[in-house]
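Provided below for reference: sequence and predicted model.
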There are 2 protein chains.
Amino acid sequence: MPQLRLLPRRAWAALLSQLLRPPCASSPGAVHCHSQGTRDLSPQQIVVREKILDLVVSCFKRHGAKGLDTPAFELKEVLTEKYGEVSGLIYDLKDQGGELLSLRYDLTVPFARYLAMNKVKRMKRYHVGKVWRRESPTMVQGRYREFCQCDFDIAGQFDPMIPDAECLKIMCEILSGLQLGDFLIKVNDRRIMDGMFAVCGVPESKFRAVGSSIDKLDKMSWKDVRHEMVAKKGLAPEVADQIGDYVQCHGGVTLVEQMFQDPRLSQNKQALEGLEDLKLLFEYLTLFGISEKISFDLSLARGLDYYTGVIYEAILLQSPAQAGEEHLSVGSVAAGGRYDRLVGMFDPKGHSVPCVGLSIGVERIFSIVEQRMKTLGERVRTTETQVFVATPQKNFLQERLKLIAELWDAGIKAEMLYKNNPKLLTQLHYCENMGIPLVVIIGEQELKEGVIKLRSVASREEVAIKRENLVAEVQKRLSKS
Amino acid sequence: MPQLRLLPRRAWAALLSQLLRPPCASSPGAVHCHSQGTRDLSPQQIVVREKILDLVVSCFKRHGAKGLDTPAFELKEVLTEKYGEVSGLIYDLKDQGGELLSLRYDLTVPFARYLAMNKVKRMKRYHVGKVWRRESPTMVQGRYREFCQCDFDIAGQFDPMIPDAECLKIMCEILSGLQLGDFLIKVNDRRIMDGMFAVCGVPESKFRAVGSSIDKLDKMSWKDVRHEMVAKKGLAPEVADQIGDYVQCHGGVTLVEQMFQDPRLSQNKQALEGLEDLKLLFEYLTLFGISEKISFDLSLARGLDYYTGVIYEAILLQSPAQAGEEHLSVGSVAAGGRYDRLVGMFDPKGHSVPCVGLSIGVERIFSIVEQRMKTLGERVRTTETQVFVATPQKNFLQERLKLIAELWDAGIKAEMLYKNNPKLLTQLHYCENMGIPLVVIIGEQELKEGVIKLRSVASREEVAIKRENLVAEVQKRLSKS
């Protein structure tokens, strides 16, 4: 499986393998979170983010996805009644005249709106973009009020479970590629969950509310979730207990078989449809060679209202070797599911387009990588500069400007100091600090002889080359390194 | 000068050269603008945008810039009193509790806030991101209420005009690289403009307001601008007329020399400082080989309040060959300037960091390219899929799934139809429509013989290869094409 496309494989592997070593003690560095719950990304963070995004996007493209972009804000009505309980977390814009607007909460609803608005019946698209949620920022978990999502979705009427299996394959490829350690993808189906609620005696009007409680099982104990269901959602205690029996179940395809035999669940038409699909899904996942990464988990609920079929969520498993590490709970790092009725909510005639998709929680992945980098004191280059133009003498600004323009025009990444007469030592120190490998030196002697000195920063070796061969010589050296 | 880094040079050149051919008649297609003044970018638009952004960002990296990212919204107070007259165009968020927030209006003010907040004294950074302005959307000019900006800025105390000259060099490299035709960069200096206002008799309190009027000279006639200055800004008519004489002046370095001799302007200390700097700037631009692209233009004002020194703005010049083309007025495609006091506005002690930078108006550049593509009916590939997995027979889904997983795991971009039993013709048509070059075919015969057929979509040639050599053979063929 390719772990990298746009970056030197070794550099990336070295970076990540170091990040994944058990870190030394000491608490992670301060996180610069603004009072409004957002943060700036520093150049070092940008480098890490770009590496992660490159890997994610190249996986999406490997699976034939097209790019799409939608605006940061939508008409408020577009986002209304799509998300369920979490709708209160949507940012609204101030009414300054014109339509009422809200910042997007995810990339899925805008995608569905796009499909309906443009009458697109079939599309495989990816979208990398920011979304905004008014949550209390919990920085340790890598949650901010502004964060980046990477979505891949397949819209269209197809034969069952083929696109769904591809979504899970993509999640596996990305999580393996990122080398974040072992992971597991929990799978369930909204129809199995609803069937379970029905046979346990939950009134249909409470399905989504009870589902929202179940969704908190990764953060809260069963006892607390049960309390919420009974005290806040008004469920009878014996109904809650029956649910409690089911949500403890998780396993592979054998659990699917087992649930077919469940005397109560097997009486529910919806649940049976869900189980049939899961069985088929596991068949395809086996052909893809990823079935051992997937766990059928009856406790998986996914908080959002719009899911209608299979749902899934990937979590990282902490290996025993990392047990000594300061615990970093990151929740799910990727998730998604099938939403067959969302597009229809935007179509005047209610015509829908079945969809299935996934979202990579890159922000949480950044948090893990970032925190480990901080703990390790790891540094990454934040620029790509290849050549530095220096002089040991005064009054060589003009020559330096001519030289550097020549390098730029040849596509070579070059810098110089913005000083009329910088000291040579200052210039060489800059190269060492910034990790620039090559220095071009021009001085009186060189000008007289029509040459340029080329200096390797690492070895401190210097050679004189003819002035007119500058670009060719620099390119030759850069292609070797 | 490199025109391309991440894309096949020929493909890009072919695309743009076609785009730049005089188009046939017919009006441009409908622009899909939402009622809120924003738009979605379709997959085809994304491809064009990515090519443009790749070129821009690789130029920024060539000049040693680091990446930075700031949030979409800032505290409202951060944006207050930074922009002048246009402040009314800022989007505010609704007060839902917590701080008052506004969507960023540009990338410059957040950069200055970042520098002050983190006490950064020196930084060369680029930032590609969206900004939001509540303007009346004028789609023909490529103006939307949400648009993308690409900024490059140099912060720090340096010797005069060296970073400023580099900013102009960067603008030239990008505009040449994009092959949008001939262009011109107008240059002026806020100190020369203020000096001009002073010697013409404008009261100092009206400098910025009169500057805003002057800024409209690219969209309005002098007559209308004069009327605005007199009727709305309360300028005496004879003062306006004196300004009128100056703002007609534009030219090269000789105009700078001429202005040194101007009996009135040469009496103004500020103006003299600006002229000294422009003289030095032209010297450096000559060394960079770009002075013929630059015009000293006394009518250039730039609308934003925060500029303090040199300002510039690039415009495209329509060549006579394209005169028959439907006129597409795009205004400036890149602009920027020096803002030495903005960072100090965010520092508790008022300590500032001198800055100079530029912004590429990629949105307007997209508009030009898009409109020409529509007129030409040009199509671009919206996916990068290399191989399609097909079958001529029924019941080959399992084999197709195994094959495609093998290709994905080898990093090959592959697709198949999400059907149990698709028709071969449908599959081959899909490849032709999507521009997929290679097809892998598996059927009964192939399965029996342990082979796979490889079909070239262009030549329709088919060869049988051993099943176990699949990945190696596909990679060999892809590397050749």
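In hand now; what should we look at?

so the closest residue to chain B within the stretch 151-300 of chain A: helix, strand or coil?
The nearest approach of the stretch 151-300 of chain A to chain B comes at residue A:158, 3.6 Å away (CB to the nearest CB). Where C-beta positions appear, they are placed from N, C-alpha and C, glycine not excepted. Secondary structure, DSSP: H, G, I helix; E, B strand; the rest coil: residue A:158 is coil.

next one: the closest residue to it other than its chain neighbours from residue B:266, what distance?
Closest residue to residue A:158 apart from its sequence neighbours, by CB to CB, 6 or more residues apart in numbering or on different chains: residue B:418 at 3.6 Å. In this view, residue B:418 and residue B:266 are 75 Å apart by CB to CB, to the nearest Å.

looking at the two, which is more packed in?
Taking other CB atoms under 10 Å in any protein chain shown, residue B:418 and residue B:266 do not tie; residue B:418 has more neighbours (21 against 14).

ramachandran coordinates for the closest residue to residue A:420 other than its chain neighbours?
In space, residue A:420 comes closest to residue B:159 once its chain neighbours are excluded; the distance is 4.6 Å by CB to CB, 6+ apart. The phi/psi pair for residue B:159 (degrees, to the nearest 10) reads phi -70, psi 150.

so what's residue B:159 up against?
Taking CB atoms under 8 Å, 6 or more residues apart in numbering or on different chains as the criterion, residue B:159 is in contact with A:418-420.

next, format those as JSON lines and append pLDDT and secondary structure.
Output for those, formatted as JSON lines (pLDDT from 0 to 100; DSSP: H, G, I helix; E, B strand; the rest coil):
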{"residue": "A:418", "pLDDT": "98", "secondary structure": "coil"}
{"residue": "A:419", "pLDDT": "97", "secondary structure": "coil"}
{"residue": "A:420", "pLDDT": "97", "secondary structure": "coil"}
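
that older thread, the residue of the stretch 151-300 of chain A closest to chain B is in contact with residue B:416, isn't it?
No: if you go by CB atoms under 8 Å, residue A:158 and residue B:416 don't touch, sitting 11.0 Å apart.

so where's the stretch 51-200 of chain A uncertain?
Residues of the stretch 51-200 of chain A that meet the criterion pLDDT under 70 lie in A:137-142.

so in terms of bridging, what pairs with residue A:463?
residue A:454 (DSSP bridges).

how about the residues of the stretch 251-400 of chain A near chain B?
Applying CB under 8 Å from any CB of the partner chain, we find that the stretch 251-400 of chain A lies next to chain B at A:284, A:287-289, A:382-385, A:397-398.

now the buried members of the residues you listed.
A:284, A:287-288, A:382-383, A:385, A:397 (16 or more other CB atoms under 10 Å in any protein chain shown).

would you list the residues you listed in a markdown table and tack on pLDDT?
Formatted as a markdown table, those follow (pLDDT from 0 to 100):
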| residue | pLDDT |
| --- | --- |
| A:284 | 98 |
| A:287 | 98 |
| A:288 | 98 |
| A:382 | 95 |
| A:383 | 96 |
| A:385 | 98 |
| A:397 | 98 |
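
of these, closest to residue B:117?
residue A:382 (18.4 Å; CB to CB).

residues touching that closest one, list them.
Contacts of residue A:382 (CB under 8 Å, 6+ apart): A:43-44, A:46-47, B:66-67.

and the two most separated of those?
Between any two of those (CB to CB), the greatest distance is 9.5 Å, for A:44 and B:67.

between these two, which one's more packed in?
residue B:67 (22 against 18).

let me see the mean pLDDT of the helix or strand residue A:445 falls within.
Here residue A:445 sits within helix A:444-449, counting by DSSP states H and E. If you average the pLDDT over helix A:444-449, you get 96.

tell me the helices and strands packed up against it.
Applying 3 or more CB pairs under 8 Å, 6 or more residues apart in numbering or on different chains; DSSP states H and E, we find helix A:444-449 packed against no helix or strand.

in PDB, list the C-alpha atoms belonging to that helix.
Output of helix A:444-449 as PDB, limited to C-alpha atoms (Å, rounded to 0.1, in the frame of the first residue of the first chain):
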ATOM      1  CA  GLU A 444      35.700  40.500  -5.600                       C
ATOM      2  CA  GLN A 445      38.000  37.600  -6.500                       C
ATOM      3  CA  GLU A 446      35.200  35.600  -8.100                       C
ATOM      4  CA  LEU A 447      33.900  38.700 -10.100                       C
ATOM      5  CA  LYS A 448      37.500  39.300 -11.400                       C
ATOM      6  CA  GLU A 449      37.900  35.600 -12.500                       C
END
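
how far off centre is that helix?
Mean C-alpha position of helix A:444-449 versus that of the full chain (CA atoms, centre = their mean, to the nearest Å) differs by 53 Å.

so which bits of that helix are buried?
Buried residues in helix A:444-449 (16+ other CB under 10 Å): residue A:446.

so what touches it?
By CB under 8 Å, 6+ apart, the residues outside helix A:444-449 that reach it are A:393, A:399, A:452-453, A:464, A:467.

could you pull up the residues touching residue A:47?
Each residue near residue A:47 by CB under 8 Å, 6+ apart is listed here: A:380-382, B:67.

same thing but 7 Å
Residue A:47 makes contact with A:380, A:382 under the criterion CB atoms under 7 Å, 6 or more residues apart in numbering or on different chains.

residue A:450 now?
Counted by CB under 7 Å, 6+ apart, residue A:450 has contacts A:466-467.

now do it against residue B:288, distance only.
22 Å.

repeat that for residue A:343.
53 Å.

got it, and residue A:338?
Taking CB to CB, one finds residue A:338 at 57 Å from residue B:288.

residue contacts, the residue most central in space within chain A?
In chain A, the residue lying closest to the centroid (CA atoms, centre = their mean) is residue A:362, at 2.2 Å. Applying CB under 7 Å, 6+ apart to residue A:362 gives the contacts A:52-53, A:56, A:148, A:150.

one more pass at 6 Å, please.
Residues counted as contacts of residue A:362 (CB atoms under 6 Å, 6 or more residues apart in numbering or on different chains) are A:52, A:148, A:150.

so which of those residues are in strands?
Within the contacts of residue A:362, residues falling in strands by DSSP state E are A:148, A:150.

quick one on the thing from earlier: most neighbours among the contacts of helix A:444-449, which one?
When neighbours are counted by other CB under 10 Å, residue A:452 leads the contacts of helix A:444-449 with 24 neighbours.

ok now do it, which residues does it touch?
A:440, A:442, A:446, A:465, A:467, A:470.

and it, that's in a strand?
Yes: judged by three-state DSSP, residue A:452 forms part of a strand.

what distance do you get for it to chain B?
16 Å (CB to the nearest CB, to the nearest Å).

and that residue, what's its pLDDT?
97.

repeat for residue A:34
Confidence score, pLDDT, at residue A:34: 80.

ok, now residue A:378?
75.

what about it, how many neighbours?
Using other CB under 10 Å: residue A:378 sits among 16 other residues.

mind checking the SS state of it?
Residue A:378 - assigned by three-state DSSP - is coil.

how much space between it and residue A:47?
Counting by CB to CB - residue A:378 and residue A:47 are separated by 11 Å.

I figured residue A:56 hits residue A:359, correct?
No: between residue A:56 and residue A:359 there is no contact under CB atoms under 6 Å: 10.6 Å.
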